[in-house]
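Asks: Coordinates for the following, if possible.
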Amino acid sequence: MELKDHPREGLQVHIIKEYVIKTPCNESFLVRNYSIILIKSGQFKMKLKERKQELGAHDLIVLPKNAYCTLLEVKDKLQFFLICFTSDFALENTLKKEAVDFFTFLLGETPTKITLDDKDFRVVSLIYKLIDLINKNTGPNEKESGLEHLCFSLFLNKLKLMFNHYTPGIAVNIHRQQRLTIEFFRILVIHCKKQHSVKFYADVLFVTPGHLNKIVKQVTGKTVKNLIDKAIINEIKEDLENSQSTITSIADDFEFSSLSKLSAFFKRHTSISASQYRSNTKGRFKKP
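Replies: Model (predicted):
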């Protein structure tokens with residue numbers, strides 16, 4: 001499923017009230033993006049990465065990116081929620097303290113499935129509907145995009161909590177390269193305010209900067225410097241939205257040598273100034 005032509009580039013939500021089979025059973029198709037399915041009713045069997053999965057009401061499954069899937073059987077009236085998102089959209093939202101651990105499930109070698117109780121099913125299905133509403137009915141401006149990212153972050157955080165609850169102590173099967181990338185993410189979201197150099201993160205992980213960059217780029221498609229900059233931008237946005245600090249104070253907090261350096265950095269990555277971003281997002285969730 002390609003997402004680049006969608007009005008919200010990088011994210012799609014589908015609420016399927018009655019699934020009509022378009023792909024013949026036993027014919028494989030490629031899951032191009034990260035996908036998370038929540039079953040409302042009905043049953044179906046699928047084979048994903050050579051493993052058979054049986055899903056029914058209230059089952060939630062995370063489908064790995066670029067995995068081949070074979071639909072084996074559909075029973076009863078199949079209804080489900082589906083959210084698909086690209087690597088870039090995932091990175092934009094997982095490079096945050098509250099969501100970074102969920103990236104482990106996205107990188108897992110095997111599909112991760114849990115069965116939700118009634119309360120969790122209602123909560124997650126409501127978040128699907130909320131993201132779908134925002135996705136369909138708002139234009140692509142900064143304010144509305146921020147609301148969409150907030151809801152998606154809420155979605156990831158809720159999933160992280162549920163996976164910890166329903167699968168306690170179960171390790172996700174990931175390769176050594178993926179594990180190094182996840183450890184880098186965990187260190188990055190803690191230290192990005194003060195530490196902007198690739199060397200710092202490589203030293204903490206006991207690898208060379210070149211090796212860290214090679215592995216992280218293989219796993220994410222992004223360089224370490226790209227991801228450091230993205231994490232810094234996320235944190236600056238958070239401060240601009242939620243703190244009363246002046247932009248000069250924020251520049252000091254992030255250890256930019258001057259306000260002009262922060263301003264140039266922020267505009268280079270967002271195409272607007274820090275002051276304009278603060279103005280756009282001020283009172284975003286308040287009634288007019």
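Asks: Which secondary structure elements does the strand or helix carrying Phe80 sit against?
Replies: Phe80 is part of strand 67-85, with elements assigned from DSSP states H and E. If contacts are counted by 3 or more Cβ pairs under 8 Å, 6 or more residues apart in numbering; DSSP states H and E, strand 67-85 sits against strand 11-16, strand 28-31, strand 34-48, helix 118-137. Every residue, glycine included, has its C-beta placed from N, CA and C.
Asks: Mind telling me which of these the model trusts least?
Replies: Mean pLDDT per stretch puts strand 28-31 lowest among those, at a mean of 80.
Asks: That strand pairs with which strands, and in what direction?
Replies: strand 67-85 (antiparallel) (DSSP bridges).
Asks: and the angle from the strand it pairs with to strand 34-48?
Replies: 160 degrees (axes from the mean of the first three to the mean of the last three Cα atoms, to 10 degrees).
Asks: Quick check: buried residues in strand 67-85?
Replies: Neighbour counts over strand 67-85 (16 or more other Cβ atoms under 10 Å) mark 67, 69-71, 74, 78-85 as buried.
Asks: Could you tell me the angle between it and strand 11-16?
Replies: Strand 67-85 and strand 11-16 are oriented at 100 degrees to each other (the same axes, to 10 degrees).
Asks: so Ile233, which of the three states?
Replies: The three-state label given to Ile233 by DSSP: H, G, I helix; E, B strand; the rest coil is helix.
Asks: OK, contacts around it?
Replies: 266, 269-270 (Cβ atoms under 8 Å, 6 or more residues apart in numbering).
Asks: ok, 10 Å please
Replies: 92, 95, 192, 265-266, 268-270, 277 (Cβ atoms under 10 Å, 6 or more residues apart in numbering).
Asks: how near is it to Leu147?
Replies: 18 Å (Cβ to Cβ, to the nearest Å).
Asks: Check His14 too.
Replies: Distance from His14 to Leu147, by Cβ to Cβ: 20 Å.
Asks: again, but for Ile247
Replies: Look at Ile247 and Leu147: by Cβ to Cβ, they are 23 Å apart.
Asks: can you check Asp203 too?
Replies: According to Cβ to Cβ, Asp203 and Leu147 sit 38 Å apart.
Asks: just how off-centre is the lowest-mean-pLDDT helix or strand in the chain within its chain?
Replies: Ranked by mean pLDDT, DSSP states H and E, the weakest helix or strand in the chain is helix 103-107, scoring a mean of 72. Averaged C-alpha coordinates place helix 103-107 at 9 Å from its chain's average position (Cα atoms, centre = their mean, to the nearest Å).
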